[in-house]
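> A predicted structure for the sequence below; I have some questions about it.
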Amino acid sequence: MSSTPFTSLDTVIVVAYLAGTLAIGLAAKRFLSNISDFLVAGRSLGLFLGIATLAATETGTVTFMYYAQLGFQTGFSAFITGLISGLVMLMVGYTGFIIRRFRALELMTVPEYFERQYSRGLRVLTGCLVAIGGILNMGMFLRVEGSFLVILTGIPFQYLKVAMTAILLVELLYTVVGGMLSIVITDFVQYVALSVATIIVTIYCVVEVGWHSMVHAVSQQMGSSGFNPLTNSTYGASYILWQVILWTAVNTCWQTTAMRTLSMKSPELSKKVFGWTGLIFLGRGMLPMVWGIAALAALGPHFDSMNAMPTLLAHLLGPGVKGLVVAGMLAATMSVNSSYLLGWSSIISQDIIGPLRRTPLSSRAQIAVNRVANVFVSGFILWWSLWYTLSGPLYLYLNLTATIFLSGTFAAVIGGLYWKRANLAGGYAAMIAGAVGTVGYFFLNLPATYSGFAAFGLAALAMVAGTLLGERRPRQESAHV
């Protein structure tokens, strides 16, 4: 199976898209007047723009790569992961669990809530854990995205580092200049391009490889475990429960997602945005898994699971179509990475540097510090993506790096919002116990499910125990809505 060349037409499509996106992103600077504009778009997002930016910021090339890898490795059983992410978001949107109260408090970051409910010290600790987990989580993005683009365009692999650096510099430029305003405006364009690319690739995979061939490949290689997640060794009932808990935490306390909640015009509108985006998330997970299963059928089970999907697309897609798909995936890459850069740099500037100062910074100074933090985060991510080697599925690495802070944050936020007795001792205990719970995966080689459960379980138990053993204090009305 030979790869079709990346033609001049493909190159023109990609370059035109990048130039247009960059111009739009940089133009947003004229509307930037204060830190609220920079971090939460002045809390002015409406329904349709809110749906587009939430869907775009959590759907990147890395998303398609790790879901395709799951499809390649575990067949149709992987669908359970995509279903959970979409259904949990629908639940959060329907109930308004956490997000309605967060938006009503007019926060700009998740750790900011910890100072209102608990203490400034706990805000700084939470900010440190969020920054560490978030930056490590993003650390694998560039390598995976660079590999996808190099394979699909036919660029020699020795230029992978150059491609990764170029992607990062474009994202950094319009993120530093326009902040959330640039991201939201470009997200709408990127979401349209991404949607077109997703539809094109899915049609090509099903038509060219054949649904029957895909089903046969999964049946032959995996048997019933390729169709039933309960009997698949990667999943099982405990995995499903862990994923429900994890995705509830992601949809409510993950900084880049929360920034969309905090950017909505009202708490009720944030619920609607999550409800509609949940429907999109159902396809966001399962369609790339179909691509991975198609790669299994076309390339065989011994092919590298991470690079199988882009290799298949390099063979299937013709001139012009390949350019559209690369442009769409670049849209996904830029949307996610710019949001993550802003998200983690905002934690460093707003929740670590800011609270440690004796005198507060002006709005202009906060923006300047955030921009410097953006550059620092970008440099670390580039270094980490070149240095670190994955030892397991990308999806599980991303889950566990997120769990470093999500487990404790989720427990402490629920306690603070919904339990009158929640206190500082419980908050500290939850954050520390949750981070310790992830040690098993990174240092003891325990299965991801065990470490994930340990982190969330320990955080919840520590929150309760710390609160009951700690000093009881009056409920802070400013922290509860």
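Noted; the coordinates are in hand.

> What's the first helix or strand after the helix-or-strand element of the chain with minimal mean pLDDT?
Ranked by mean pLDDT, DSSP states H and E, the weakest helix or strand in the chain is helix 35-40, scoring a mean of 52. Toward the C-terminus, helix 35-40 is succeeded by helix 47-57 as the next helix or strand (DSSP states H and E).

> Quick one: list the elements packing against the helix or strand that that following helix is followed by.
Later in the chain than helix 47-57, the nearest helix or strand by DSSP H and E is helix 61-74. If you count contacts as 3 or more Cβ pairs under 8 Å, 6 or more residues apart in numbering; DSSP states H and E, helix 61-74 packs onto helix 79-95, helix 141-153, helix 267-299, helix 308-316, helix 321-347, helix 394-418. Every residue, glycine included, has its C-beta placed from N, CA and C.

> Return the backbone torsion pair for the spatially most central residue of the chain.
When Cα atoms, centre = their mean is applied to the chain, the residue found nearest the centroid is E58 (4.7 Å). Dihedral angles phi and psi of E58 (degrees, to the nearest 10) take the values phi -110, psi 20.

> is it true that it touches T257?
Yes: here E58 reaches T257: they are 6.5 Å apart, a contact under Cβ atoms under 8 Å.

> tell me the contacts of the residue nearest to the centre of the chain?
Residues in contact with E58 (Cβ atoms under 8 Å, 6 or more residues apart in numbering) are T256, T257, F281, R284, V336.

> For M334, see how far away it is.
To M334, E58 is 14 Å away according to Cβ to Cβ, to the nearest Å.

> looking at the helices and strands packed on helix 61-74, which is closest to Y450?
helix 394-418 (10.7 Å; Cβ to Cβ).

> Can you give me the buried ones in that closest one?
394-417 (16 or more other Cβ atoms under 10 Å).

> Check stretch 66-78 too.
66-78.

> ok, those residues vs T277, which is closest?
Y67 (16.7 Å).

> I'd say the closest one and I293 touch.
No: with contact defined as Cβ under 8 Å, Y67 does not count as touching I293 (10.8 Å).

> Find residues that contact each of these two.
If you check Y67 and I293 against Cβ under 8 Å, 6+ apart, no residue is contacted by both.

> mind listing what N228 touches?
Contacts of N228 (Cβ under 8 Å, 6+ apart): S77.

> Can you tell me the element it falls in?
Counting by DSSP H and E, N228 is part of no helix or strand.

> From V110, how far out is the residue nearest to A131 when sequence neighbours are not counted?
In this structure, A131 finds its nearest non-sequential neighbour in I347, 4.8 Å apart by Cβ to Cβ, 6 or more residues apart in numbering. Distance check for I347 against V110: by Cβ to Cβ, it reads 8 Å.

> got a list of contacts for stretch 73-86?
Under Cβ under 8 Å, 6+ apart, the answer for stretch 73-86 is 67, 70-71, 215, 218, 221-222, 225-229, 232, 234-235, 240, 243-244, 247, 250, 278-286, 289, 292-293, 296, 305, 393, 395.

> switch the cut-off to 6 Å
Stretch 73-86 has contacts (Cβ atoms under 6 Å, 6 or more residues apart in numbering) with 70-71, 218, 222, 226-227, 229, 232, 234-235, 243-244, 247, 278, 281-282, 285-286, 289, 305.

> still on that earlier bit, return the per-residue confidence for the residue nearest to the centre of the chain.
Reading off the confidence values, E58 has pLDDT 75.

> Equivalent analysis for P393, please.
Reported pLDDT for P393: 84.

> Around it, how many other residues sit close by?
Residues near P393, counting by other Cβ atoms under 10 Å, number 18.

> 684 is where my numbering starts, stick with that
Sure, I'll start numbering at 684, so the last one becomes P1076.

> where does it fall, phi/psi-wise?
phi -60, psi 140.

> what's around I883, how many residues?
Neighbours of I883 (other Cβ under 10 Å): 17.

> need the contact list for it.
Here I883 is in contact with V1008 (Cβ under 6 Å, 6+ apart).

> can you map out the helices along the stretch 784-933 of the chain?
794-800, 803-821, 824-836, 843-887, 894-905, 920-936 (DSSP state H, counting those that start in this stretch).

> Columns distance to G1037 on top of those helices, output as JSON lines?
Shown next, in JSON lines, are the helices of the stretch 784-933 of the chain (distance: least, Cβ to Cβ, whole Å):
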{"stretch": "helix 794-800", "distance to G1037": "9"}
{"stretch": "helix 803-821", "distance to G1037": "9"}
{"stretch": "helix 824-836", "distance to G1037": "26"}
{"stretch": "helix 843-887", "distance to G1037": "16"}
{"stretch": "helix 894-905", "distance to G1037": "51"}
{"stretch": "helix 920-936", "distance to G1037": "20"}
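
> Quick one, which of the ones you listed gets closest to V771.
Ranking these by proximity to V771 (Cβ to Cβ) places helix 920-936 first, at 4.1 Å.

> Would you mind pulling the contact partners of the helix or strand just after that closest one?
Remark: after helix 920-936, the chain's next helix or strand is helix 938-946, criterion DSSP H and E. Helix 938-946 is contacted from outside by 723-724, 726, 728, 736-737, 740, 782, 785-786, 790, 793, 934, 953, 1022-1023, 1026, using Cβ under 6 Å, 6+ apart.
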